[in-house]
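Engineer: Below is the sequence, then the predicted model.
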Amino acid sequence: MSSGADNFVREYQPADRSSLTALISELAGADPAVVEQKLHIKYLQDYFDALLAFASNGGPARGTIVIETPYVDKDFLIDYQSYYVRCHWPYERFCSRLHFFDVAFGESEFVQALLQCSTRLSTDYLNDHYLGFLVIKKLPEAMFGRSCLKTYPNREDGRYYPITRPYYVNLFGIDLHVESLAFQEQDTVVAACATSALWSAFHYTSSRFQHALPSPVEITENATTGMPLRGRALPSVGLTVEQMARAISSVGLESEYLEPWKAPIPASSDWLFKAILYGYLQGRTPLLIGVAVIEEGNPSRVDYHAITGVGFRLGEDVDPLPGAETCLTSSRMTRLYSHDDQVGPFSRNVFDGVLVDLKIDGTQTTLFSLGTSWNTDPASTAKVRFVPMAIIVPIYHKIRIPITSVLGEVLGFDRLVEDLKADVPDLIDGRIEWDVFLSESCQLKRDLASQRRLPDEQLTPLLLKNFPRYLWRAIARSGDSVLAEIVFDATDFARGNYCALILGYDRYFNDVMGLLAQNDAVMQYAVKSGAGHILQTYRKSRA
C-alpha cells in the first residue's frame, strides 16, 4: 500500500501487515502500537492473503483497497447518539470504509470506471473481484465497526457457510454486493462480547424471520431493561444468559438453551455439541455459544466469552457416540467457524481432541475443548482454548421441537435396527450414518424433485402435499445408498406424534421395517427405546 491521505485507491500485497496497520491507525486516529497489538490485524492480514491466494490460482497475489471517507455508518451513529456524543472528549461521528478487491488497479483507472469509461473495470468485473468491506470507527482502541467479508471458497474441502446473506453496497455510485455476515468488534461501552454476538446473529435472523434489526446499544438496552444488574447498563461490562434471552425475546424470537456437557453421555465427548451445531446451522439458524477461555497448562485462569456460530467444516472420519456407537454426519465436523469479536469474522475453532480439566460448581470435570485463532503474549508459547459451556439458539417461535428430542428418536431407532440385524442379517450392511438437521418444507420438496429417488407416482403427491413450514429431517445412509428419510414436524409438541412422514428409498429396508412395526412386541420395544413415534409412523403407513 502506498501512503498519503489523498490516495483513496491503494495497492494491497500479501504479508504487508505494517502498511495495513498504518492505514487503519491513520483512519481511526489510533496509536499504531495499539493497533499492531490487536489480534484482528494479524487475523485480517492472513484472511485477505488467503483470499488473494485463492483468486490468483498460483500466480502473483495482488489486491486493491478503495477508501471511502468520511462514511456514515447507521449502527455507529445510533451508538454515538446514545453514548459518545455526551463524552467530554470530542469523538468523531464519521467513520471510514475500506473496500477490498482481489485484483490490482490504480486510482486513474478506477476514476475511469466511475465515469463509465473503463474498458476493464465494469460493474460486473468489480463485483466478481469484490472481497467486502471494513468500517473503521474513530475510536482509540475499538475501531473495527460493521464489516462484511467474503468467505473462503467452499470448493471440495468440506467448508460450509450456511449463515450468510447478501449485503448490497454503493461505492461512489458503483453497485456492489458480497455474501457474508456482518461482524464488529466490541467496545465494552455500548457492546460487550455477548452484545456483539447477538448483533451478528440478528443480522441473519432479521433477514430470515423478518424482525427489526437493533443496533448494539439497542441490544444492550433491550437486554437490561427491567433486569437486575450487577453494574450499569452503559458502559456495558457484559450480559448474563437471562439478559441475552431477553434481548432475543425483544425481537420476537424464542431462546433454546442447551448445555451439551450435562447430557447423559461423557462430558469429554464432543458428539452432542457437534450434533447441535450441525443440526441448527444446516437449518440456517445461527448459534450463540458461551465458552470458558483458558490457557493450555493454566486451567485455573478462566474467563468467559460469547461467539456466534456461523459455519463448519466436515472431514472424512465418523466419530460414533461412545457406548451406543450411533453414527451422525455431524460427527465428521473438524472445525467450527464463528464470528469472534476478539479476532475477526469466520474465525477457526478446531476440534483437535484436546481435553481439559475444569472445576465447575466445585467439581473437577474433564471436558473437550477447541483450538482457537487467539494469540497470547508473544513471549509465551501457551495457546488459548475454548471450552463450550452453553448454546443459545435464537429460534422462530413456531419451531417447538428441539433437536435433542429428535436425536433421542434417532438414537432409539438406531438401537432397534441394530438389534433387528441379529434376526434379519441382510437388513443393512454396516452401521447407518444419520444426517439430522432442521429444514423448511420448501427445501424438502426441492430436494425430492432434484434427487428423483422416488418414482413420479409417489413423488407428485408429496410435492403437492401441505407440510408444516419447519421440519426436522433425519436421512439414513448406508455406504453410498440412502435407505430412508424420517421427517419430523418441528412445529408440533413433544407429547404428540411429531414424526410426520417416512420416505422409504430402499424398498427392502422399508418393507421389513413396515412389517415389523405391525408386531406389538416390536412396537413395545420401540417405545421403551425411544423410537415409538417412528415405529408408529411405519405402522400407519402399512395400515
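Structural biologist: Yep, that arrived. Numbering: from 1, shown residues only.
Engineer: Mind telling me what element residue 207 is part of?
Structural biologist: Using DSSP states H and E, the secondary-structure element containing residue 207 is helix 193-209.
Engineer: other SSEs contacting that helix?
Structural biologist: In terms of contact count using 3 or more CB pairs under 8 Å, 6 or more residues apart in numbering; DSSP states H and E, helix 193-209 is assigned the packing partners strand 165-171, helix 216-224, helix 241-250, strand 287-295, strand 298-314, strand 333-340, strand 384-395. Just so you know, the C-beta spots here come from the backbone N, C-alpha and C atoms, and that holds for glycine as well.
Engineer: at 6 Å what do you get?
Structural biologist: helix 216-224, strand 298-314 (3 or more CB pairs under 6 Å, 6 or more residues apart in numbering; DSSP states H and E).
Engineer: Centre of the chain to it, how far?
Structural biologist: On the basis of CA atoms, centre = their mean, to the nearest Å, helix 193-209 sits 11 Å off its chain's mean C-alpha point.
Engineer: what's it in contact with?
Structural biologist: Helix 193-209 has contacts (CB atoms under 6 Å, 6 or more residues apart in numbering) with 163, 165, 181-183, 186, 213, 216, 219-220, 238-239, 244, 247, 286, 288, 305-308, 339, 341, 394, 396.
Engineer: For residue 84, report the pLDDT, please.
Structural biologist: Note for residue 84: predicted pLDDT of 65.
Engineer: Can we start the residue count at 209 from this point?
Structural biologist: All set: I'll call the first residue 209, so the last point we hit is now residue 292.
Engineer: End to end on stretch 529-545, go ahead and measure it.
Structural biologist: This stretch, stretch 529-545, spans 23 Å end to end (CA to CA, to the nearest Å).
Engineer: model confidence over it, on average?
Structural biologist: Stretch 529-545 shows a mean pLDDT of 94.
Engineer: From residue 393, how far off is residue 228?
Structural biologist: 16 Å (CB to CB, to the nearest Å).
Engineer: how's this protein carved up into domains?
Structural biologist: 217-388, 463-603, 611-750 (automatic domain parsing).
Engineer: looking at those domains, which is buried most?
Structural biologist: domain 463-603 (a mean of 19; mean count of other CB atoms under 10 Å).
Engineer: Can you give the distance of it from its chain's centre?
Structural biologist: Offset of domain 463-603 from its chain centre (CA atoms, centre = their mean): 12 Å.
Engineer: And it, end to end?
Structural biologist: End-to-end distance (CA to CA), domain 463-603: 6 Å.
Engineer: Same check on stretch 491-498?
Structural biologist: Length of stretch 491-498, first residue to last, CA to CA: 20 Å.
Engineer: So which residues make contact with it?
Structural biologist: Counting by CB under 6 Å, 6+ apart, 370-371, 405, 409, 412, 488, 514-518, 596-601, 645-647 sit against stretch 491-498.
Engineer: just to revisit the earlier point, with distance to residue 416 as extra columns, can I get the domains of the chain in a markdown table?
Structural biologist: Formatted as a markdown table, the domains of the chain follow (distance: least, CB to CB, whole Å):
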| stretch | distance to residue 416 |
| --- | --- |
| domain 217-388 | 8 |
| domain 463-603 | 6 |
| domain 611-750 | 10 |
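Engineer: quick one: which of these is nearest residue 433?
Structural biologist: Closest to residue 433 of the domains of the chain, according to CB to CB: domain 217-388, at 13.6 Å.
Engineer: residues contacting residue 701?
Structural biologist: Applying CB under 6 Å, 6+ apart, the residues near residue 701 are residue 608.
Engineer: Apply 10 Å and report the result again.
Structural biologist: Counting by CB atoms under 10 Å, 6 or more residues apart in numbering, residue 701 makes contact with 608-609.
Engineer: Report the secondary structure element holding it.
Structural biologist: Per DSSP H and E: nothing holds residue 701, as it lies in no helix or strand.
Engineer: All the strands of the stretch 609-751 of the chain, in order from the start?
Structural biologist: 641-648, 678-686, 689-697, 707-712 (DSSP state E, counting those that start in this stretch).
Engineer: residues in contact with the residue nearest to the spatial centre of the chain?
Structural biologist: Centroid-nearest residue in the chain, with CA atoms, centre = their mean: residue 518, separated by 1.2 Å. Counting by CB under 10 Å, 6+ apart, residue 518 touches 359, 368-372, 388-389, 391, 408-409, 412, 489, 494-495, 544-547, 553-555.
Engineer: Skipping adjacent residues, who's closest to it in space?
Structural biologist: Nearest in space to residue 518, with sequence neighbours left out and distances taken as CB to CB, 6 or more residues apart in numbering, is residue 371 at 3.9 Å.
Engineer: ok, now residue 345?
Structural biologist: residue 353 (4.5 Å).
Engineer: If I follow the layout properly, that neighbour ends up in contact with residue 343?
Structural biologist: Yes - between residue 353 and residue 343 there is a contact under CB atoms under 10 Å: 3.6 Å.
Engineer: Which residues are in contact with each of those two?
Structural biologist: Common neighbours of residue 353 and residue 343 are listed as 279, 281, 283-284, 303-305, 390-392 (criterion: CB under 10 Å, 6+ apart).
Engineer: Could I get those in JSON lines, plus columns for distance to residue 669, pLDDT and secondary structure?
Structural biologist: Shown next, in JSON lines, are those (distance: CB to CB, whole Å; pLDDT from 0 to 100; DSSP: H, G, I helix; E, B strand; the rest coil):
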{"residue": "279", "distance to residue 669": "54", "pLDDT": "93", "secondary structure": "strand"}
{"residue": "281", "distance to residue 669": "51", "pLDDT": "88", "secondary structure": "coil"}
{"residue": "283", "distance to residue 669": "48", "pLDDT": "84", "secondary structure": "helix"}
{"residue": "284", "distance to residue 669": "53", "pLDDT": "81", "secondary structure": "helix"}
{"residue": "303", "distance to residue 669": "55", "pLDDT": "91", "secondary structure": "strand"}
{"residue": "304", "distance to residue 669": "57", "pLDDT": "93", "secondary structure": "strand"}
{"residue": "305", "distance to residue 669": "52", "pLDDT": "95", "secondary structure": "strand"}
{"residue": "390", "distance to residue 669": "42", "pLDDT": "96", "secondary structure": "coil"}
{"residue": "391", "distance to residue 669": "45", "pLDDT": "94", "secondary structure": "strand"}
{"residue": "392", "distance to residue 669": "48", "pLDDT": "91", "secondary structure": "coil"}
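Engineer: where do the helices sit along the stretch 209-358 of the chain?
Structural biologist: Along the stretch 209-358 of the chain, the stretches classed as helices by DSSP state H, counting those that start in this stretch are 225-236, 240-244, 247-264, 282-290, 315-322, 331-336.
Engineer: Nearest to residue 695, out of the ones you listed?
Structural biologist: Nearest to residue 695 among the helices of the stretch 209-358 of the chain is helix 247-264; the distance by CB to CB comes to 37.4 Å.
Engineer: what angle sits between the closest one and helix 225-236?
Structural biologist: For helix 247-264 against helix 225-236, the angle by axes from the mean of the first three to the mean of the last three CA atoms, to 10 degrees is 120 degrees.
Engineer: what is the mean pLDDT for helix 247-264?
Structural biologist: Summarised as a single mean, pLDDT over helix 247-264 is 86.
Engineer: need the helices and strands packed on helix 401-417 in JSON lines with distance to residue 272 and mean pLDDT, can you?
Structural biologist: Shown next, in JSON lines, are these (distance: least, CB to CB, whole Å; pLDDT from 0 to 100):
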{"stretch": "helix 424-432", "distance to residue 272": "30", "mean pLDDT": "87"}
{"stretch": "strand 506-522", "distance to residue 272": "27", "mean pLDDT": "88"}
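Engineer: Make CSV from the ones you listed and add distance to residue 539 to it.
Structural biologist: Below are these laid out as CSV (distance: least, CB to CB, whole Å):
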stretch, distance to residue 539
helix 424-432, 34
strand 506-522, 9
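Engineer: right, and these - which one's nearest residue 532?
Structural biologist: Judging those by CB to CB, what sits closest to residue 532 is strand 506-522, at 21.2 Å.
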